[in-house]
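Engineer: Task: produce atomic coordinates for the following.
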Amino acid sequence: MSGAGRFEAHDEHEGPEEQHGRRAEHGSHRDDGAAGPAERDHPGRRDGDGAGDGPGQLTPGSGAPVPDRPRIPTPRASVEDGGQPLPDLADLGDPAPVPLDLPHDVLKSLLGAWALAACSAAETAAVEDHLGSCGSCADEARRLREAVGLLHQPESLDLDPGLRTRVLETCLDRRPPRIPLPRWATPYDAETARLDALLQDFGDAEWHAPVRLRWFEGDAAASRRTTVAGVIAHLLSVDGMIALALGLEDPLTDATDADGTGATDPAGRTEAFWRTSRFPPTLPHPSGGGTPISLRSVRGPWREQSHSLVRTVAFTGSHAGGLPVSYGDFSLPLHDAMLDRAFECWVHAEDIAEAVDYPYDPPAPRHLNKMIDLTARMLPAALAERRRAGRSAPGGTPHLVAAGAPGRSLRLEIEGAAGGEWLIPLDSPAAVGSAEFEVAHVALDGVEFCRLASGHIPPEEAAAGQDGDRQAIRDVLFATAGLSRM
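Structural biologist: All right, here's what the predicted structure looks like:
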């Protein structure tokens, strides 16, 4: 490169004399500013630019024609190389629009288009200049801009399932509640709120949508047809057992008295309520007997009852967690009963969502982990019940251990955000799980394990991975499914 970055082209066959002559030609400049003959013939050629010579042309100062060669264009010189001042940046942009001189009524009629950004640059300048001096038009423009914001919804209108939890956590971090809710009751509070949000916009068609309740009896799958209204009536009936334990009013008092069964277990209470009400498990009864209760009216009692349970537990405090809640043939402490009700609320909410073809997410991982832990703690008693009923095949050698002593164990590994590991004692409900006596290992996904415990998938299809004593693994999987009920 030479000078201002120009390239010099030459033929590789030129001799030293020819190249010297061309260098002399490049170094010469005309002082008088007049163009030579060759330059007048080629007006596109710049002075001192050898690349503009065409084939067969005479180069000044050489007296000989230049051999034919490819023409190589020179790069354009930068403005900095010419020594000229740089242009002002403001001169390079578009000129500012000149506001139009429009009357008030025309400017007011343009406010809608201005709010939608549909005016030209000159009209926009005129409107914005007018808004600075007219208060009524400025107020109207502000209202129109707010209305335009409502027309564009970039996100779905469905609320984020975790929004309520985040809002509550933020509020509680700023100001702790005067009456805090025990941690073991928060899953029930969250799951009833999620189901209530799902039911909020249901019409008659959704309340009549058929739902099939599924569970295991013995080692066989069982099911019962009902409707969305029937499922909510079922939840209302079983939640009433906690209401009775807390001293609240039982919503099924009239139903059980009229039925004459005096049922105390979940299935019996539900059947009694279905028989004495008009929203039956399948379709309306032709005779129309029983207490007239509309389909939508069942949501109100269930919602009010769930709120009463949460308020009462909050007032009672965490020390009431050991209060026994009767399930008929067995009982659970209040803190486990609330987890049990949260688990069933989520399972039946998924049944309802599936019936109306609506997506429904699993519980928050911290809540799901508590439900899995409750299920794992109930497995030793379920295994003992299977042995008493003769559904568990005995091993080759009986293993009897004293209460509190370590015995044969199965390692239950739950994968996912809500997962963990539990050692399930196999020989006695009073035995202690021990890694030293581990005889089998089962790995399952957390949601899949819960669906097994709710009777929604068969035990044979549940385990993602298993190793060790096959009979022990089979007993644990079937005992998990046997925890389900209607």
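Engineer: For the longest helix along the chain, list every residue counted as buried.
Structural biologist: The residue-count maximum for a helix in the chain (DSSP state H) belongs to helix 365-389. Within helix 365-389, the residues that count as buried by 16 or more other C-beta atoms under 10 Å are 367-376, 378-380, 382-387. All C-beta spots, glycine's among them, are computed from the backbone N, C-alpha and C.
Engineer: ok, residue 305 touching residue 238?
Structural biologist: No - Residue 305 lies out of contact with residue 238 (C-beta atoms under 8 Å); the separation is 10.7 Å.
Engineer: ok, those two, which is more surrounded?
Structural biologist: More neighbours surround residue 238 than the other of residue 305 and residue 238, with 25 against 21 (other C-beta atoms under 10 Å).
Engineer: Just give me the residue right at the centre of the chain.
Structural biologist: With distances taken as C-alpha atoms, centre = their mean, residue 160 lies nearest the centre of the chain, 7.0 Å away.
Engineer: What separation do you get for that residue and residue 352?
Structural biologist: Distance from residue 160 to residue 352, counting by C-beta to C-beta, to the nearest Å: 20 Å.
Engineer: Now for residue 443, how many residues are close by?
Structural biologist: Residue 443 has 17 neighbours, counted by other C-beta under 10 Å.
Engineer: How about the backbone phi and psi for it?
Structural biologist: phi -120, psi 130 (degrees, to the nearest 10).
Engineer: residues contacting it?
Structural biologist: 413, 414, 415, 463, 464, 465, 466 (C-beta atoms under 8 Å, 6 or more residues apart in numbering).
Engineer: just so I have it, where are all the strands in the stretch 151-300 of the chain?
Structural biologist: Along the stretch 151-300 of the chain, counting by DSSP state E, counting those that start in this stretch, strands occupy 210-217, 220-227.
Engineer: Please work out which of those strands is packed deepest.
Structural biologist: strand 210-217 (a mean of 18; mean count of other C-beta atoms under 10 Å).
Engineer: What's the mean pLDDT across it?
Structural biologist: Strand 210-217 shows a mean pLDDT of 94.
Engineer: what's it in contact with?
Structural biologist: With contacts defined as C-beta under 8 Å, 6+ apart, strand 210-217 is touched by 221-228, 230-231, 234, 282, 348, 351-352, 355, 454-456, 481-482, 484-486.
Engineer: mind listing what it pairs with, with the direction of each?
Structural biologist: In the sheet containing strand 210-217, its partner strands are strand 220-227 (antiparallel), by DSSP bridges.
Engineer: quick check: mean pLDDT across the strand it pairs with?
Structural biologist: When pLDDT is averaged along strand 220-227, the result is 92.
Engineer: how about the CA coordinates for it, as PDB?
Structural biologist: What follows is strand 220-227, C-alpha atoms only, in PDB (Å, rounded to 0.1, in the frame of the first residue of the first chain):
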ATOM      1  CA  ALA A 220     -57.500 -56.500  42.300                       C
ATOM      2  CA  ALA A 221     -58.400 -53.100  40.700                       C
ATOM      3  CA  ALA A 222     -61.800 -51.600  41.600                       C
ATOM      4  CA  SER A 223     -63.600 -48.600  40.200                       C
ATOM      5  CA  ARG A 224     -66.800 -46.600  40.500                       C
ATOM      6  CA  ARG A 225     -68.500 -44.300  38.100                       C
ATOM      7  CA  THR A 226     -69.500 -40.900  39.300                       C
ATOM      8  CA  THR A 227     -69.600 -37.200  38.200                       C
END
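Engineer: hang on, isn't residue 406 packed against residue 430?
Structural biologist: No - if you go by C-beta under 8 Å, residue 406 and residue 430 don't touch, sitting 11.4 Å apart.
Engineer: Pull out the buried positions in the helix or strand containing residue 342.
Structural biologist: Taking DSSP states H and E as the criterion, residue 342 maps to helix 334-355. For helix 334-355, the neighbour count (16+ other C-beta under 10 Å) marks 334-353, 355 as buried.
Engineer: likewise stretch 316-335?
Structural biologist: Within stretch 316-335, the residues scored as buried using 16+ other C-beta under 10 Å are 316, 320, 321, 323, 325, 327, 332, 333, 334, 335.
Engineer: List the contacts of the fifth one.
Structural biologist: Taking C-beta under 8 Å, 6+ apart as the contact definition, residue 325 lies against 241, 242, 245, 331, 332, 333, 334, 337.
Engineer: Can I get stretch 123-143 in CSV, CA atoms only?
Structural biologist: Below are the C-alpha coordinates for stretch 123-143, written out as CSV (Å, rounded to 0.1, in the frame of the first residue of the first chain):
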residue,chain,number,x,y,z
GLU,A,123,-49.2,13.8,12.8
THR,A,124,-47.5,12.3,15.8
ALA,A,125,-45.5,15.4,16.3
ALA,A,126,-48.6,17.6,16.0
VAL,A,127,-50.6,15.5,18.5
GLU,A,128,-47.8,15.4,21.1
ASP,A,129,-47.2,19.1,20.8
HIS,A,130,-50.9,19.6,21.3
LEU,A,131,-51.1,17.4,24.4
GLY,A,132,-48.6,19.6,26.2
SER,A,133,-51.1,22.5,26.1
CYS,A,134,-54.5,20.8,26.2
GLY,A,135,-55.5,19.1,29.5
SER,A,136,-58.7,17.5,28.2
CYS,A,137,-56.9,15.9,25.3
ALA,A,138,-54.0,14.8,27.5
ASP,A,139,-56.5,13.0,29.8
GLU,A,140,-58.2,11.3,26.9
ALA,A,141,-54.9,10.2,25.4
ARG,A,142,-53.9,8.7,28.8
ARG,A,143,-57.1,6.7,28.9
